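Q: Take a look and give me a structure for this.
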Amino acid sequence: MNFKLFSTSYYARVHFTKQELKKGKKLLNAGCGEGDYNYYLTDKFEEIISFDINKIDVNTAKLNSPKNCKCEVGIVEKIKYTNESFDSIICLEVIEHLKDERKALKELYRVLKKEGQLIISVPHSNYPFLFDPINYILEKITKKHLAIGSWSYGHTRLYTRDKIEEEIKEAGFKIEKTLFLTHDFTGMLENYIPMIMQPIVKNNSKNNSQTNKNSKKIDYKFPKILDKMMTALTKLDATILKKREKSIGLMIIAKK
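A: Below you'll find the model as predicted:
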């Protein structure tokens, strides 16, 4: 099964992406990783094009994606498709890894159709204390951090709401909505667990494109009990703390 589903912040991204993304003909999944969103969004689009820089992840995506999905190696900073090729684009937990995120955003703008929809998610610099207490204290005292918690998974930067919205607008997009994903309640439940579990459950946890590890079959289907439990937690967290801007992640819904 997809063990990422035990991460409340991951589940929230899936939940709100499915909720916010409009149906269309052609979707670009930029920085698709192992292709899990291809599975979750396949019913919304006639065709899904997905790419990632990591060859092993792309092979895993090919192995697990539905028939209407194409998976290939590529980079967000230089997308091979022509102008206005896609009705919608998702770019989830990607640009915080890039050297030049502004160039990447301009490329996403270029290949999106007029009035098309963009959904981006990034890690939030204003994260809950209970999610990453070690870095929370370190950053307050020393202005430095460790590569754990909010700064794990190869993140080179975290974003404030103002910073990510400014960069998206600078690329030409219009912001429609910004969501604060996963607050103190579910952040407390998650803490450092996904970071510890990732090397165990992810085939290529260090995103090394040169690794010789083989791709693997993954069952992305939500077990009913887990789905109900995580949906309840996500809704409870969003309801109790809906006015709180301290969160693990940010999700921006924009249009061209």
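Q: Can you show me the strands along this protein?
A: In the chain, strands defined by DSSP state E lie at 24-30, 45-52, 69-73, 86-92, 112-123, 174-181, 249-255, listed in chain order.
Q: Comparing the ones you listed, which comes out most buried?
A: strand 86-92 (a mean of 24; mean count of other CB atoms under 10 Å). Placement of C-beta: from N, CA and C, glycine included.
Q: Can you name every helix or strand that that one contacts?
A: helix 8-20, strand 24-30, helix 36-41, strand 45-52, helix 101-111, strand 112-123 (3 or more CB pairs under 8 Å, 6 or more residues apart in numbering; DSSP states H and E).
Q: Residue 161: which of those is closest?
A: Set against residue 161 and scored by CB to CB, the helices and strands packed on strand 86-92 come closest in strand 112-123, at 9.9 Å.
Q: Counting by contacts, list what that closest one packs against.
A: Contacts defined by 3+ CB pairs under 8 Å, 6+ apart place strand 112-123 against helix 8-20, strand 24-30, strand 86-92, helix 161-170, strand 249-255.
Q: what about 7 Å?
A: Packed against strand 112-123 by the contact rule (3 or more CB pairs under 7 Å, 6 or more residues apart in numbering; DSSP states H and E) you find helix 8-20, strand 86-92, strand 249-255.
Q: So what touches that strand?
A: Surrounding strand 112-123, the residues in contact under the criterion CB atoms under 7 Å, 6 or more residues apart in numbering are 13, 17, 20-22, 84, 86-93, 95-96, 108, 150, 155, 158-159, 164, 168, 173, 249-256.
Q: what does the lengthiest helix in the chain rub up against?
A: Residue-count comparison of every helix in the chain, with assignments taken from DSSP state H, identifies helix 224-240 as the longest. The set of residues external to helix 224-240 that reach it, using CB under 7 Å, 6+ apart, is 5, 8, 11, 12, 15, 182, 183, 185, 186.
Q: remind me which residues of the protein are low pLDDT?
A: Segments of the chain classed as low confidence (criterion: pLDDT under 70) are 1-3, 5, 193-215.
Q: Go ahead and flag the most central residue of it.
A: For the chain, residue 92 is the residue whose C-alpha lies nearest the centre (CA atoms, centre = their mean; 2.6 Å).
Q: Tell me how far the closest residue to it other than its chain neighbours lies from residue 169.
A: When the adjacent residues along the chain are set aside, residue 92 lies closest to residue 121, with 4.6 Å between them (CB to CB, 6 or more residues apart in numbering). Taken as CB to CB, to the nearest Å, the spacing of residue 121 relative to residue 169 amounts to 17 Å.
Q: ditto for residue 106
A: Note on residue 106: its distance to residue 169, by CB to CB, is 12 Å.
Q: And for residue 16?
A: Counting by CB to CB, the separation of residue 16 from residue 169 is 21 Å.
Q: circling back: which stretch among the helices and strands packed on strand 86-92 comes nearest residue 177?
A: Between residue 177 and the helices and strands packed on strand 86-92, the shortest gap by CB to CB is with helix 8-20, which sits at 7.4 Å.
Q: if I pick residue 33, what's in contact with it?
A: Contact partners of residue 33, counting by CB under 7 Å, 6+ apart, are 52, 57.
Q: What of residue 159?
A: Counting by CB under 7 Å, 6+ apart, residue 159 has contacts 122, 123, 124, 125, 250.
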